[in-house]
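Engineer: got a predicted model here, sequence first, then my questions.
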Amino acid sequence: MAVKTYWWITAWFLLTVPVIFWDAGYCLLRPRSMKGGDLHWIWKPYALYQEIDYVYGIPALERGDGFTNAQSVLNIVETLMNISYVYLAHVSEWPGAPLIGFGAALMTVAKTVLYWLQEYFCNFCAIGHNTLSDLLLLWILPNGLWIVFPSFIVYKLGKDLVSSLNFADAQAKKISSGKKQ
């Protein structure tokens, strides 16, 4: 049975690869990647972002906060799973590919929600200094994409997985009832 694929899921997974690796590079190479660092030229836009979200900035680095790098490592794992899904679905046509894509997208949603909940439970310790317009434009909207799109992927691939399981169950019942006669 051919793997059912969706162009928009593949596009999301492929478009996010360079973004995630660029972001993880910034986080894992701090302070060299930060403003004033010898590698900052690669991550110039982060000069603004490290001021918007202190998880990416000096305060977290000086505290030795491990959350930034921990979430970056998980981002890399998610991205490798995304790449695996694209390869397994489109090249290998492996029937299990949707499970990999589902797991990767679910991981993205869960990690991003955790990131938001961390802010809520620390009284917005890393983003609370922003104006509402900066927060909306530079933190909520861009980070919200990492909840919205992966949630749609979880829904779509989850629905397909349930359909496949229901089909397999029906086939197994047919075979089982045929043996009893």
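Structural biologist: That came in fine, so what should we check first?
Engineer: can you give me the helices in the chain?
Structural biologist: 7-28, 46-52, 58-63, 67-90, 97-121, 132-135, 141-180 (DSSP state H).
Engineer: who touches the fourth one?
Structural biologist: Applying Cβ atoms under 8 Å, 6 or more residues apart in numbering, the set of residues contacting helix 67-90 from outside is 3, 5, 10, 13-14, 16-17, 20-21, 23-24, 27-28, 30, 55-56, 60-61, 94, 96-98, 100-101, 103-104, 107-108, 111, 115, 118. All C-beta atoms are positioned from the backbone trio N, CA, C, and that covers glycine.
Engineer: which of those are buried?
Structural biologist: Taking 16 or more other Cβ atoms under 10 Å as the criterion, what is buried in these is 3, 5, 10, 13, 16, 20, 23-24, 27, 30, 55-56, 60-61, 97-98, 100-101, 103-104, 107-108, 111, 115.
Engineer: one step back: quick one, which of the helices of the chain gets closest to residue 35.
Structural biologist: Shortest distance between residue 35 and the helices of the chain, using Cβ to Cβ, is found for helix 46-52: 4.4 Å.
Engineer: still on that earlier bit, quick one: which of the helices of the chain is nearest residue 34?
Structural biologist: When these are compared by Cβ to Cβ, helix 46-52 sits nearest residue 34, at 6.1 Å.
Engineer: before we move on, back to that, dump the helices of the chain to TSV, plus distance to residue 39.
Structural biologist: Output for the helices of the chain, formatted as TSV (distance: least, Cβ to Cβ, whole Å):
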stretch	distance to residue 39
helix 7-28	9
helix 46-52	11
helix 58-63	14
helix 67-90	15
helix 97-121	24
helix 132-135	26
helix 141-180	22
